[in-house]
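Peer 1: After the sequence you'll find the predicted model.
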Amino acid sequence: MTPPPIEITSALLSEWLDALSRFSAEGPGVTRLAFDEHWCQAHRWLAARAADLGLAATADAAGNLFFHDPALVPAAPGSPVILVGSHLDSVASGGRFDGAYGVLSGLLVAAELRGRGTLPVVGLATCEEEESRFHGNLLGARSLLGLASAAELDALLDSDGVSWRRALESARLRGCATALAPGASPFTATFRAAMMIEPHIEQGPVLETERLGLGVVDRVAGYRRLRAILSGEARHSGTTPMPARRDALAAAAEMILAAETLAMENGPPALATAGSVRARPGLFNVVPGACELWLEVRHVELDGLARLLSELERRCKAIAARRGVGFAIEQVSSQAPAPLSPDLAAAAERLAEEQGIAHRRMASGAAHDAMVFARAGVPSLLVFVPSRRGISHSPEEFTDAGALWTGYHFVRDLAARLAAGGGTGVLRPVGP
Ligand code: HGY
Ligand code: MN
Ligand code: MN
């Protein structure tokens, strides 16, 4: 075993979280969209910190970044590893901990456990998870598992019309991604994921309310994201009588409230959100003739999610028909709810009990990279630490240093135990 050249402490974790948060666009909170210049700077900074810790940092063709023992050869066939990490991107005006905590934890765990155990531990920063730039269904995790296709590189466009291919190419020119493989499957596995552990802030109020130090997550809610286009008639706002109007924005307003009502009627864990509404032409003196509305529903059960989706569509269509407004809807992204590994959750609970850390099993309402790994058959676990007042996707997101360190320590010890046992009891045979 080789000890890391710098001491890994709570102060170091906090200092590096601060440093990582500074790779952000102007404005409140952290804005680090996949493959943008701030993301690239963060990527290079992480590679440099890996080197400080005596680790190699290997990027893949999608810009995912792996932190590992230099003696470990990437893409070596038949050599499974435990991946520990989370995502590097953020939402616009997000917090300092979402994704970043898991990325830094993975980096530090890989350094501390380098050369220990029969199963190597590799840190991971996925390139994209938030869908803030591309609505790509968790591009990072999917690409590193070989589940993203070449067609998506051109089909996925950001709000400026830049394709995923072009954004990735600019990141590659800055040294943050390797060349795409030719053919329909441009992404190949850099490491064979035998297990995946994602340390993350809870982003909700449960752990703080119940005064618990850890959440052992055994299932993750899924979502459906919809773009609705409403077409009415743009008319003079000073002369068009109220009953004669076909106002696309007023119809959208009703749909927004219908979504809220639907989720309230269903009760937890049903959730519905209208995240964006854009009216055209967007003037004081014109009745809006067109409107784009973004809607999202979430649920931890697949049938619950399907029911929410169909009922929301039914209510929106009825509103549009009553108002004489055209209505077209498309699903832009979706994640099925994902159960995580019961074996890993049980191992985590055992360790939390041994260490005397107050904890509970819970579901995650937020989506996470771990759900993609789990659905791909990789035993996966999310470990939560408390979020102050449950706030996330906001500059106000906060977890104190002690709670972050407890979670880090716990994940390190869990990974060490799993690595030492070679994954016994958890690791299922991994196909070729
Ligand atoms: O949207 C989500 O649930 C995640 O934070 N990306
Ligand atoms: Mn997030
Ligand atoms: Mn996250």
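Peer 2: Arrived safely. Ligands and ions are numbered 1, 2, ... in the order given.

Peer 1: okay, CA-based contacts and neighbour counts for the rest of this
Peer 2: OK.

Peer 1: Might one say that residue 92 is in contact with residue 26?
Peer 2: No. Counting by C-alpha atoms under 8 Å, residue 92 does not reach residue 26; the two are 10.3 Å apart.

Peer 1: So for those two, which residue has more residues nearby?
Peer 2: A side-by-side neighbour count of residue 92 and residue 26, using other C-alpha atoms under 10 Å, places residue 92 first with 21 against 11.

Peer 1: Show the contacting residues for the more buried one.
Peer 2: Residue 92 makes contacts with 30, 31, 32, 33, 132, as judged by C-alpha atoms under 8 Å, 6 or more residues apart in numbering.

Peer 1: Residue 394 versus that one, what's the distance?
Peer 2: 9 Å (C-alpha to C-alpha, to the nearest Å).

Peer 1: tell me the SS of the residue lying closest to residue 178 once chain neighbours are set aside?
Peer 2: Leaving aside its sequence neighbours, residue 178 sits nearest to residue 61 (C-alpha to C-alpha, 6 or more residues apart in numbering; 4.3 Å). Residue 61 falls in the coil class when you classify it by DSSP: H, G, I helix; E, B strand; the rest coil.

Peer 1: need the contact list for residue 61.
Peer 2: Going by C-alpha under 8 Å, 6+ apart, residue 61 touches 177, 178, 179, 180, 181, 186, 187, 188.

Peer 1: now the strands for the stretch 1-150 of the chain?
Peer 2: 56-59, 65-68, 80-87, 121-126 (DSSP state E, counting those that start in this stretch).

Peer 1: could I get the second one in CSV with only the CA atoms?
Peer 2: Coordinates of each C-alpha in strand 65-68 appear next as CSV, following Å, rounded to 0.1, in the frame of the first residue of the first chain:
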residue,chain,number,x,y,z
LEU,A,65,-12.6,11.3,-15.7
PHE,A,66,-11.2,8.4,-13.7
PHE,A,67,-8.7,8.7,-10.8
HIS,A,68,-6.7,5.6,-10.3
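
Peer 1: who does it touch, helix- and strand-wise?
Peer 2: If contacts are counted by 3 or more C-alpha pairs under 8 Å, 6 or more residues apart in numbering; DSSP states H and E, strand 65-68 sits against helix 37-52, strand 56-59, helix 100-112, strand 121-126.

Peer 1: Would you mind listing what in the stretch 51-200 of the chain touches ligand 3?
Peer 2: 98, 99 (C-alpha under 5 Å from the ion).

Peer 1: any weak-confidence spans in the stretch 51-200 of the chain?
Peer 2: 77 (pLDDT under 70).

Peer 1: in it, what residue is nearest ligand 1?
Peer 2: Using C-alpha to the nearest ligand atom, residue 130 is the residue of the stretch 51-200 of the chain that sits closest to ligand 1, at 4.0 Å.

Peer 1: so who does that residue touch?
Peer 2: 89, 90, 91, 138.

Peer 1: run the last query once more with 7 Å
Peer 2: Going by C-alpha atoms under 7 Å, 6 or more residues apart in numbering, residue 130 touches 89, 90, 91.

Peer 1: From residue 367, how far off is it?
Peer 2: 9 Å.

Peer 1: Now for those two: what residues contact both?
Peer 2: With C-alpha under 7 Å, 6+ apart, residue 130 and residue 367 have no common neighbours.

Peer 1: so what's the backbone phi/psi at residue 277?
Peer 2: In terms of degrees, to the nearest 10, the main-chain angles of residue 277 are phi -140, psi 130.

Peer 1: can you tell me which of the contacts of residue 130 are in helices?
Peer 2: Among those, no residue falls in helices (DSSP state H).

Peer 1: could you redo those as CSV and give each row neighbour count and distance to residue 308?
Peer 2: Below are those laid out as CSV (neighbours: other C-alpha atoms under 10 Å; distance: C-alpha to C-alpha, whole Å):
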residue, neighbour count, distance to residue 308
89, 31, 29
90, 29, 27
91, 20, 25
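
Peer 1: Do I have it right that residue 273 meets residue 295?
Peer 2: Yes. Counting by C-alpha atoms under 7 Å, residue 273 touches residue 295, with 5.8 Å between them.

Peer 1: And these two? Which one has more around it.
Peer 2: More crowded of residue 273 and residue 295, by other C-alpha under 10 Å: residue 295, with 23 against 16.

Peer 1: quick one: the more buried one is in a helix?
Peer 2: No. With three-state DSSP as the criterion, residue 295 is strand rather than part of a helix.

Peer 1: Use 22 as the first number from now on
Peer 2: Fine by me, first position is 22 from now on; the one you just mentioned is residue 316.

Peer 1: Contact partners for the nearest residue to it once chain neighbours are set aside?
Peer 2: Of all residues not flanking residue 316 in the chain, residue 295 sits nearest, at 4.4 Å (C-alpha to C-alpha, 6+ apart). Residues in contact with residue 295, defined by C-alpha under 7 Å, 6+ apart, are 277, 315, 316, 317.

Peer 1: Determine whether any part of stretch 101-117 lies close to ligand 1.
Peer 2: No. Using C-alpha under 6 Å from any ligand atom, stretch 101-117 stays clear of ligand 1, coming no nearer than 7.9 Å.

Peer 1: What residues of that stretch count as buried?
Peer 2: In terms of neighbour count (16 or more other C-alpha atoms under 10 Å), stretch 101-117 has its buried residues at 101-117.

Peer 1: got it, and stretch 256-276?
Peer 2: In stretch 256-276, residues buried by neighbour count (16+ other C-alpha under 10 Å) are 256, 266, 267, 268, 269, 270, 271, 272, 273, 276.

Peer 1: Looking at those residues, which is nearest ligand 1?
Peer 2: For the buried residues of stretch 256-276, the minimum distance to ligand 1 (C-alpha to the nearest ligand atom) is 21.2 Å, reached by residue 276.

Peer 1: wait, doesn't the closest one sit right on residue 337?
Peer 2: Yes. In this structure, residue 276 is within contact of residue 337 by C-alpha under 7 Å, at 5.6 Å.

Peer 1: re the thing from before, make TSV out of the strands of the stretch 22-171 of the chain and add distance to residue 383.
Peer 2: Shown next, in TSV, are these (distance: least, C-alpha to C-alpha, whole Å):
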stretch	distance to residue 383
strand 77-80	33
strand 86-89	28
strand 101-108	19
strand 142-147	24
